[in-house]
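> Task: produce atomic coordinates for the following.
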Amino acid sequence: EVGDYHVSFVCSKSCIEEVDNEAYNIIFLGPTGSGKSTLINHLFNANVVKAGASVHSVTRQIQYTQGKLKWSEDKKWDKRDQVNVIDTIGFCDTELSSQEVQSAIRSSVRTSITYIDKVVIVCSGRIEPPMVQAIKKMMKW
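Residues are numbered from 1 along each chain as shown. Got it, this is the predicted structure:
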């Protein structure tokens with residue numbers, strides 16, 4: 001039974017503070033234009049992060065969105081009721097090198113969060129070799 005489980009929006013932040021670190025942490029990774037931000041907006045059923053179809057990257061910095069897990073009320077899924085959803089700069093960014101993107105993601109997440117609970121890799125269409133390399137590098141981290 002799936003039930004009426006969803007995430008409600010609480011706030012957006014440029015970084016996560018130590019007090020927020022007990023939340024369930026989910027990071028979205030994938031190539032530029034794959035739909036990471038759109039998927040996050042669907043998760044919250046609201047426009048909580050900037051998303052759009054463009055030839056240039058829309059997400060220019062790491063974005064932290066906090067929410068409340070409705071399913072935590074029955075304690076079947078997880079006892080934590082807060083979630084941090086992390087929207088990242090896309091691999092194969094239109095302005096940054098692959099190394100710059102990975103470095104930006106790592107440094108932002110390392111300083112903000114001690115543990116990632118779930119990694120969501122979003123891909124759209126064909127997965128090209130540079131994307132595969134970027135995903136492999138991030139998963140080793």
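> for this protein, what spans make up the helices?
Along the chain, counting by DSSP state H, helices occupy 36-44, 98-112, 129-140.
> S103: neighbour count?
12 (other C-beta atoms under 10 Å). C-beta coordinates here come from the backbone N, C-alpha and C atoms, glycine included.
> One more: Q66?
What Q66 shows, counting by other C-beta under 10 Å, is a neighbour count of 18.
> what ranges do the strands span in this protein?
7-13, 24-29, 63-69, 82-87, 118-121 (DSSP state E).
> Next up, the contacts around the residue nearest to G30 when sequence neighbours are not counted.
Residue nearest to G30 in three dimensions, not counting chain neighbours: V122, with 3.7 Å by C-beta to C-beta, 6 or more residues apart in numbering. By C-beta atoms under 8 Å, 6 or more residues apart in numbering, the residues touching V122 are 28-30, 34-36, 39.
> Dump these to CSV, plus distance to N84.
Output for the contacts of V122, formatted as CSV (distance: C-beta to C-beta, whole Å):
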residue, distance to N84
F28, 11
L29, 15
G30, 18
S34, 21
G35, 20
K36, 15
L39, 16
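> Most neighbours among those, which one?
Top of these by neighbour count (other C-beta under 10 Å): K36, with 29 neighbours.
> so it touches I89, yeah?
No. If you go by C-beta atoms under 8 Å, K36 and I89 don't touch, sitting 9.4 Å apart.
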